Each structure stands twice: as structure tokens, then as C-alpha cells.
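Enquirer: below: sequence and its predicted model.
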Amino acid sequence: MSYDTVIRGGTVVTAGDSIVADIGIKGETIAAIGLGLDSARVIDATGLLVLPGGIDSHCHVEQLEADGSIHEETFATAARSAFAGGTTTLIPFSPQFKGEPIAAHARDYAARAARSPIDYTLHQIITDPTEAVLLEELPAVVARGTRSLKMFLTYDPFHVTDGEYLDVLAAAKRLGAMVCVHCENYDAIRWRSKALLRAGHLEPASHALSRPRVVEREATHRAIALAELVDQPIHIFHVSCGEVAEEIARAQARGVKVTGETCPQYLVLTAAEMARPGREGAKFMCSPSLRDAGDAEGLWAAIRAGTLDIISSDHCGYSFEGPHGKAISGADADFTRIPNGVPGLAARMAITFSEGVAKGRISVNDFVKLTATTPARRFGLYGRKGSVAPGFDADLVLWDASRCMTLTNVLMQHAIDYSPYEGLSVTGWPVLTMARGQVVMEEGVVTFAGRRGCFLPADPSPDAKPRSIVPDGFDAALVS
Ligand code: URP
Ligand code: ZN
Ligand code: ZN
């Protein structure tokens with residue numbers, strides 16, 4: 001067989017294996033893996049790892065917010081940053097706002113996403129689950145290939161009540177969709193924030209005090225208990241510490257279908273960063289909050305145990321200086337008025353590899369699972385994305401496991417004017433990224449002029465299949 005490209009002599013890493021082999025690529029897909037493959041175009045991967053392209057299953061890109069502002073990271077700049085860091089598929093969020101149908105923004109977001117140079121599928125945010133949303137709009141959303149819904153148990157413009165959350169869980173169960181949950185207690189955060197403001201604690205460091213671990217733990221426990229009531233699988237987003245992961249582990253031990261992710265910011269940053277002088281601390285404000293030195297080990301223990309099985313970036317494209325970013329409410333705004341979230345598209349793979357594989361906490365196969373294979377399976381992309389195998393898209397990363405780098409904002413290649421990881425040393429770095437057979441990054445030079453990413457309609461996920469165990473045998477979700 002003849003190939004358009006052969007990647008020769010690298011160590012091909014999947015979730016289960018690491019073997020030295022050549023990869024034959026025809027068009028946009030992997031045609032063969034073996035030895036002695038030949039082509040007019042050979043990419044030498046000797047001494048490098050050949051990984052499946054990363055899948056960032058939680059990132060905010062060009063997303064409209066309820067106040068009319070829009071995330072400053074566009075699909076074009078997000079693609080550049082993702083390719084620079086070894087990621088080839090994104091799963092960002094199509095918004096819904098209270099008082100509006102999903103349709104109010106779906107077409108607009110789909111149009112922006114359609115200009116994406118990187119392949120993507122979508123999560124649908126649900127903030128206002130009216131009867132029309134549950135019975136008419138959600139079935140249409142799923143039919144279009146969006147099979148995961150995000151619910152927020154906190155944040156003023158997004159927050160849903162427990163009753164609304166239950167309604168969406170039931171609808172998801174009927175439709176075979178996954179539900180992803182932001183777990184923090186809305187009232188507890190408001191209560192503590194008001195007290196902090198009354199006491200004159202306006203600075204970014206108060207963000208951590210407004211939402212300690214117990215606020216996240218309580219909401220995680222509740223999110224799981226209510227999902228158990230409905231018998232609907234859920235995925236917990238951005239778990240910040242071991243104490244919260246323990247809630248997930250306890251439910252998993254009972255057989256409940258709940259999974260969880262964490263993000264690099266919780267593995268390498270701490271709340272102490274928010275106490276930097278002036279507004280600098282705003283660069284590290286995300287929710288749940290960063291925790292303390294020592295919390296990362298709890299997360300690694302949960303990752304090794306399989307309790308947390310995805311590492312996403314939760315990338316948020318808010319600039320530090322720009323008028324639409326962290327300073328949107330003014331340079332002196334109190335901590336409750338500073339947008340939450342940190343950028344991390346390009347840093348995700350490198351930090352996970354460095355802290356995980358290079359420091360001996362996980363195997364390189366675990367790294368592939370956490371950053372590509374499990375996100376693909378969970379969100380209905382597996383078979384096309386998430387592994388290195390014949391028939392899969394030729395989304396590949398050549399990875400130098402021993403290259404040492406110091407992270408800078410320039411290396412991130414995003415649209416944002418800072419990186420929370422500035423100055424962090426990592427071991428392991430992508431030297432070439434290929435997306436559907438096209439080299440889109442080589443030695444940091446990203447090139448994709450005119451490239452169109454594909455919208456990937458999600459398949460039903462085995463992880464979203466209910467257990468068919470409902471309390472006392474009454475399935476309330478079937479009574480819509
Ligand atoms: O602080 C964060 N994580 N902001 C992004 C929105 C979200 O909650 O995922
Ligand atoms: Zn969230
Ligand atoms: Zn997020």
C-alpha cells in the first residue's frame with residue numbers, strides 16, 4: 001500500500017500500549033501501523049513519542065456571556081494555541097441564558113464555531129430548563145449531535161435550582177445525553193461573599209475565602225445524590241481537591257455512574273497566588289478556587305485511583321488588561337465582579353505530562369488516557385478521535401519527553417495577554433502536531449491558513465447510559 005505520509009520510528013503510545021512502529025497515513029486517516037512502511041514523505045520520529053492528538057473536553061472559546069461580553073479567545077486563536085500545545089480537538093460551550101430559549105444563541109454560536117480551524121464538538125449550557133427547552137429544544141440539540149449538557153449549581157447568571165437540575169437530569173436520561181456539572185453551593189458563596197465585602201475584603205485573595213472546599217464538596221455530594229435519584233450518569237467538572245474527589249470515589253464504590261475531571265491549574269497553582277500585590281491576583285481567579293500546597297497530591301491520588309479520569313484546561317479567554325477581560329468591571333472592582341477562569345489551552349498537555357509522567361506519578365499510557373482517550377469515549381468521539389489506530393483520524397503529536405521548557409505567555413500562542421503558568425518549568429513538549437493528516441505545528445511554528453475544522457456530531461456515550469436502578473423502583477424520569 002502507498003501512503004501520503006509515514007511517521008517513522010517513533011514510540012507509538014495508546015491507552016494500553018507503547019510500541020516502536022511506523023504510522024502510514026492516507027488522506028486524513030491512519031491507514032496502517034507497522035514496521036518498514038514507506039512513502040515519498042517521511043517524518044522521522046526516532047526518539048520521540050507519537051501520541052494521539054489531545055482532546056480538550058472543557059474549554060470556553062468565543063463564548064457569549066449573559067452581560068453581552070464575549071470571550072476574547074476566538075476559534076482561530078484557540079486553534080493556534082491548541083495546536084501549539086498538542087491538542088487537536090476542542091469541546092467548547094454553546095450558551096443559553098435565563099429567559100431565553102436555547103435557539104436564541106445556538107445558530108449564532110454554531111456559525112462562529114463553523115469558522116473553527118480545529119475539529120470540535122459542543123457542550124450545551126442549560127440555565128433555563130423550561131418545558132419547551134426540555135421537551136422540544138433538547139431533543140433537537142441531541143439530534144444535531146450535541147450529547148452533553150452543562151449545568152451550573154452556582155454563578156448568578158447560570159445557577160439552576162435543585163428542581164431545575166432534576167428536570168435536566170431526567171431529560172438527559174430520556175435522550176441518552178451526558179450531564180456535566182459545576183459543583184459549588186450558590187447560597188453559601190453569596191453568604192460568605194457578602195460577609196467578606198462587609199468586612200472590607202475586596203481584593204482577589206478573598207475569592208478563595210468566599211468558596212472553601214466544603215462549598216464544593218457539599219454541591220458535589222448533592223449533584224451526585226440527585227443524579228442517583230434520577231439514575232442519570234454525570235461528569236463532575238473541574239474538581240479542585242482530594243476532599244471533593246472522595247465524594248466521587250464513595251459514589252463510584254456504590255456503583256453510581258459518576259466521573260470527574262481536574263485541570264492543570266489545580267495541580268500546579270495555589271490560592272496564595274491570588275494574594276499577589278495589586279490586581280495581579282486576578283490572573284489566578286477561577287472557580288472552584290485554587291487550593292493550597294498539598295492539595296495537588298490528593299488530586300494525583302484520585303487520578304491514579306481512576307476516580308478522576310480526564311484532565312481538561314477549562315480554558316477561559318479573559319485578558320488581564322483588556323476592557324473585556326478581568327478588568328471588565330473596572331480596575332478596582334471587588335473580587336465578586338472579576339470574571340472567573342484562567343487560560344490554559346496550550347499548557348494542558350505539557351503540565352500534565354511534566355507533573356504526571358516526568359515526575360513518575362502516572363505512566364505515559366495514563367497520560368494518553370487522561371488527555372485524549374477518555375475524553376473521546378466520554379463525549380462520543382471514540383472511533384475517530386482519541387487513539388492511534390487504523391481508521392482513526394491522523395491527529396498525532398510527536399512528543400519530546402525529555403525537552404525542558406519554561407512556560408511563557410508567548411509560548412501559549414493564545415489571544416490572551418498573560419498566562420497563569422508564566423515561569424513554570426516543564427519536562428516534555430510537543431515538537432509536531434498533525435491534524436487529520438496535515439502538519440499544523442512544527443517546532444512551535446503553527447500553520448493552518450484556510451483550514452476548516454470539522455464539527456463532530458457526538459455518538460451516544462457508553463458512560464451516559466443509565467444503570468436502570470432507580471430508588472424504590474419508581475422511575476420518575478419517564479413521566480415527563
Ligand atoms: O472559573 C471558571 N472555571 N470559569 C469558567 C466557567 C466554568 O465554571 O467552567
Ligand atoms: Zn464550571
Ligand atoms: Zn469551564
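Expert: Cool, got the structure. Numbering: from 1, shown residues only. Ligands and ions are numbered 1, 2, ... in the order given.

Enquirer: C-alpha only now, for contacts and for neighbours.
Expert: Noted.

Enquirer: what about the residue nearest the centre of the chain, distance to residue 218?
Expert: Of all residues in the chain, the one closest to the mean position by C-alpha atoms, centre = their mean is residue 58, 2.1 Å from it. Note on residue 58: its distance to residue 218, by C-alpha to C-alpha, to the nearest Å, is 22 Å.

Enquirer: same thing with residue 26?
Expert: 51 Å.

Enquirer: of the two, which one has the most company?
Expert: Shown here are residue 26 and residue 218; by other C-alpha atoms under 10 Å, residue 26 has more neighbours (20 against 16).

Enquirer: my guess is the more buried one contacts residue 1. True?
Expert: No: taking C-alpha atoms under 8 Å as the definition, residue 26 is not a contact partner of residue 1, at 9.6 Å.

Enquirer: picking up where we left off before, who's in contact with the residue nearest to the centre of the chain?
Expert: 90-92, 312-315 (C-alpha atoms under 8 Å, 6 or more residues apart in numbering).

Enquirer: now residue 35: how far from residue 23?
Expert: For residue 35, the distance to residue 23 - C-alpha to C-alpha - is 8 Å.

Enquirer: what residues does the stretch 301-450 of the chain have near ligand 1?
Expert: 314, 316, 340-341 (C-alpha under 6 Å from any ligand atom).

Enquirer: out of the residues you listed, grab the one that's most surrounded.
Expert: Most neighbours among those, by other C-alpha under 10 Å: residue 314, with 27 neighbours.

Enquirer: counting neighbours, what do you get for the residue lying closest to that one once chain neighbours are set aside?
Expert: Spatially, and ignoring its direct neighbours in sequence, residue 314 is nearest to residue 59 (4.5 Å; C-alpha to C-alpha, 6 or more residues apart in numbering). Close neighbours of residue 59, defined as other C-alpha under 10 Å, add up to 22.

Enquirer: quick one: contacts for residue 59?
Expert: If you count contacts by C-alpha under 8 Å, 6+ apart, then residue 59 has 90-93, 312-316, 345 around it.

Enquirer: now it: how far from residue 122?
Expert: Residue 59 is 10 Å from residue 122, by C-alpha to C-alpha.

Enquirer: mutual contacts of the two, please.
Expert: Joint contacts of residue 59 and residue 122 (C-alpha under 8 Å, 6+ apart) are 91-93.

Enquirer: from those residues, which is closest to residue 460?
Expert: Nearest to residue 460 among the shared contacts of residue 59 and residue 122 is residue 91, at 15.6 Å by C-alpha to C-alpha.

Enquirer: how much space between that closest one and residue 148?
Expert: Distance from residue 91 to residue 148, by C-alpha to C-alpha: 10 Å.

Enquirer: neighbour count: the two, which is higher?
Expert: Each of residue 91 and residue 148 has its neighbours counted (other C-alpha under 10 Å); residue 148 has more, 30 against 22.

Enquirer: what about the residue nearest to the more buried one when sequence neighbours are not counted, neighbour count?
Expert: Of all residues not flanking residue 148 in the chain, residue 178 sits nearest, at 4.5 Å (C-alpha to C-alpha, 6+ apart). Residue 178 has 29 neighbouring residues, counting by other C-alpha under 10 Å.

Enquirer: residue 178 and residue 168 touch, don't they?
Expert: No: contact criterion C-alpha under 8 Å: residue 178 and residue 168 do not qualify, at 10.4 Å.

Enquirer: which residues do residue 91 and residue 148 both contact?
Expert: The overlap between the contact sets of residue 91 and residue 148 (C-alpha under 8 Å, 6+ apart) consists of 122-123.

Enquirer: so where's the stretch 51-200 of the chain shaky on pLDDT?
Expert: The stretch 51-200 of the chain contains no residues with pLDDT under 70.

Enquirer: mind listing the helices for it?
Expert: Using DSSP state H, counting those that start in this stretch, the helices of the stretch 51-200 of the chain run over residues 75-85, 103-113, 131-132, 138-143, 162-175, 186-198.

Enquirer: using CSV, lay out those together with distance to residue 264.
Expert: Listed next are these as CSV, based on distance: least, C-alpha to C-alpha, whole Å:
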stretch, distance to residue 264
helix 75-85, 13
helix 103-113, 25
helix 131-132, 38
helix 138-143, 30
helix 162-175, 28
helix 186-198, 24
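
Enquirer: mean neighbour count, those helices: which tops it?
Expert: helix 75-85 (a mean of 27; mean count of other C-alpha atoms under 10 Å).

Enquirer: check which residues of the lengthiest helix in the chain are buried.
Expert: Secondary structure of the chain per DSSP state H: the longest helix is helix 213-230. Residues 213, 215-224, 226-230 are the ones in helix 213-230 that count as buried (16 or more other C-alpha atoms under 10 Å).

Enquirer: and the angle for it with helix 186-198?
Expert: 160 degrees (axes from the mean of the first three to the mean of the last three C-alpha atoms, to 10 degrees).

Enquirer: determine the set of other helices and strands touching helix 213-230.
Expert: helix 162-175, strand 234-236, helix 242-253 (3 or more C-alpha pairs under 8 Å, 6 or more residues apart in numbering; DSSP states H and E).

Enquirer: ok, residues contacting the second one?
Expert: Pointing back at strand 234-236 there. Under the contact criterion C-alpha under 8 Å, 6+ apart, strand 234-236 has outside partners 178-183, 220, 224, 227, 257-261, 464.

Enquirer: parallel or antiparallel, which strands does it pair with?
Expert: Applying DSSP bridges, strand 234-236 is found paired with strand 178-182 (parallel), strand 258-262 (parallel).
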